[in-house]
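A.B. asks: Just a sequence and a predicted model for now, questions to come.
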Protein chains: 2
Amino acid sequence: MADQISDVSVSLCSSSKYVTPFRLNYKQDGVEKTWDYIKGHDSIAILLYNKDRDVFPVVKQFRPAVYAAKIKAFTDGQKVDTDKHKGEEGMTLELCAGLMDKDKDVTEMAQAEVLEETGYKVPLENLKKITSFRNGVGVRGTLQTQFYAEVTDQMKVGSGGGLVDEGEQIEVVELSGRDALKFIMDETITKPVWMMFAFTWFFFMKDKE
Amino acid sequence: MADQISDVSVSLCSSSKYVTPFRLNYKQDGVEKTWDYIKGHDSIAILLYNKDRDVFPVVKQFRPAVYAAKIKAFTDGQKVDTDKHKGEEGMTLELCAGLMDKDKDVTEMAQAEVLEETGYKVPLENLKKITSFRNGVGVRGTLQTQFYAEVTDQMKVGSGGGLVDEGEQIEVVELSGRDALKFIMDETITKPVWMMFAFTWFFFMKDKE
């Protein structure tokens, strides 16, 4: 079970290839300023809808950054009591998503990500771009491009689950069409706002375009 | 003008009080793993609607992290040609928003942020919570709580603009009610997804609750 989290401790990271802090030195209206930010990758996210069974295949996984934020794991050397703070606190529901860390076409990257994480082999022509936006504005201004794809049971050729070699441990969860609307505003489910936006697009904007 | 950006350079940041990288060491199903993340603050954002004139007061500002992401300012010592990459590239439209960096009531923080940034003095009872969610899940799992507040011209007691002492330089822009719906999907306007979500809530979900 992906939420079986134990032996948790925190360390200050003197250098990290994943979160590299930079400083922008600049003048605004002639006044010297600085701003610290981190290097990030642009990303893709795909809202999948299985029309055969009126379900949205989404992914469930343990997110260390969410777990850390919830339990305030911001002290060097901190040991976390995992009886008190179970792995469940760090589990999120998200759309299938990935980083644009290869120099490949964005739609092909989306197709590959869907196969890796959910096991659906989606034809390229089924992947419709919804829109793009900035995921963050404070410390990381990366762009996310969102896609929508209708899938069928026939397209399910694998079990998904992510790249085990890269430490990914992803569970595919099917959200029923009826529940998805309630899901948007359900604060008891830990989820990113970009997923909520994709569902509002599906329910309220998709057929008006 | 806030978009008059010059003398831009990039430096690697050996230590930053704004983006502190931590590492979570843990076992998942008994397998040792690590994940790097940064310490962040939870935040608030407030969707304001001026019903006297059917406009949404929003804020426009230069966002160094967005500018850096767009121009790929990720090299130590890099000098940026600001004739080629004008400050305009880093300007965003956002809802009035702030960090939960004080130990105060979330609604009172929202009230103070609205006054600081937009000059509206909103009664506490006008601030209705919309929902809350995770802003990010990869490297920073911070929570954003969103509010909605109807305001009137009478409540406008100042010019807003943010805290100049803290380097904030914020312009209040009024988005017309008619344009706001188109705005959601307009990719030419640089904006965070949480703002897009707030507008979809206003147009499609607000009166159904």
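C.D. replies: Alright, I've got the coordinates. Numbers count the residues shown, from 1 in each chain, chains lettered A, B, ... in the order given.

A.B. asks: roughly how far apart are A:Gly40 and B:Tyr26?
C.D. replies: 22 Å (Cβ to Cβ, to the nearest Å). For glycine as for every other residue, the C-beta is placed from the backbone atoms N, C-alpha and C.

A.B. asks: for chain A, what helix or strand is lowest in average pLDDT?
C.D. replies: Taking mean pLDDT, DSSP states H and E as the measure, the helix or strand of chain A with the lowest value is helix A:177-184, at a mean of 91.

A.B. asks: Check what contacts it and list those residues.
C.D. replies: With Cβ atoms under 8 Å, 6 or more residues apart in numbering or on different chains as the test, helix A:177-184 has contacts from A:49, A:54-56, A:93, A:175, A:189, A:196, A:199-200, A:202-203, B:205.

A.B. asks: hmm, 10 Å instead?
C.D. replies: A:47, A:49-51, A:53-56, A:58, A:93, A:175-176, A:186, A:189, A:191, A:195-200, A:202-204, B:131, B:133, B:197, B:200-201, B:205, B:208 (Cβ atoms under 10 Å, 6 or more residues apart in numbering or on different chains).

A.B. asks: Average pLDDT for stretch A:196-203, rounded please.
C.D. replies: Stretch A:196-203 shows an average pLDDT of 97 in the prediction.

A.B. asks: typo on my end, it should be stretch A:70-88
C.D. replies: 95.

A.B. asks: Return the distance of the most far-flung residue of chain A relative to its centre relative to chain B.
C.D. replies: Here chain A reaches farthest from its C-alpha mean at A:Gly30, the gap being 38.8 Å by Cα atoms, centre = their mean. As judged by Cβ to the nearest Cβ, to the nearest Å, A:Gly30 and chain B stand 7 Å apart.

A.B. asks: Contact partners for that residue?
C.D. replies: Contact analysis of A:Gly30 by Cβ under 10 Å, 6+ apart lists B:4, B:6-7.

A.B. asks: out of those residues, which are buried?
C.D. replies: Buried by 16 or more other Cβ atoms under 10 Å in any protein chain shown: nothing, out of the contacts of A:Gly30.

A.B. asks: near chain A, which of these show up?
C.D. replies: B:4, B:6-7 (Cβ under 10 Å from any Cβ of the partner chain).

A.B. asks: any chance of those in a markdown table, with secondary structure, distance to B:Tyr120 and pLDDT too?
C.D. replies: Shown next, in a markdown table, are those (DSSP: H, G, I helix; E, B strand; the rest coil; distance: Cβ to Cβ, whole Å; pLDDT from 0 to 100):
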| residue | secondary structure | distance to B:Tyr120 | pLDDT |
| --- | --- | --- | --- |
| B:Gln4 | coil | 27 | 92 |
| B:Ser6 | strand | 32 | 95 |
| B:Asp7 | strand | 35 | 94 |
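
A.B. asks: burial of A:Asp179, as a residue count?
C.D. replies: 12 (other Cβ atoms under 10 Å in any protein chain shown).

A.B. asks: From A:Arg63, how far out is it?
C.D. replies: 22 Å.

A.B. asks: Likewise for A:Lys27?
C.D. replies: 38 Å.

A.B. asks: Counting neighbours, go ahead and name the busier of those two.
C.D. replies: A:Arg63 (24 against 15).

A.B. asks: What are the neighbouring residues in contact with the more buried one?
C.D. replies: Counted by Cβ under 10 Å, 6+ apart, A:Arg63 has contacts A:69-70, A:89-92, A:94, A:190, A:192, B:35, B:37, B:134, B:136-139, B:141.

A.B. asks: now swap in A:Ala73 and tell me
C.D. replies: A:8-10, A:64-65, A:67, A:79-80, A:85, B:22, B:24, B:37, B:39.

A.B. asks: Need the phi and psi values for the residue lying closest to A:Ile189 once chain neighbours are set aside.
C.D. replies: Spatial nearest neighbour of A:Ile189, chain neighbours left out: A:Leu93 (5.8 Å); criterion: Cβ to Cβ, 6 or more residues apart in numbering or on different chains. For A:Leu93, the backbone dihedrals (degrees, to the nearest 10) come out as phi -100, psi 140.

A.B. asks: partners of A:Leu93 in the sheet?
C.D. replies: Beta-bridge partners recorded for A:Leu93 (DSSP bridges): A:Lys60.
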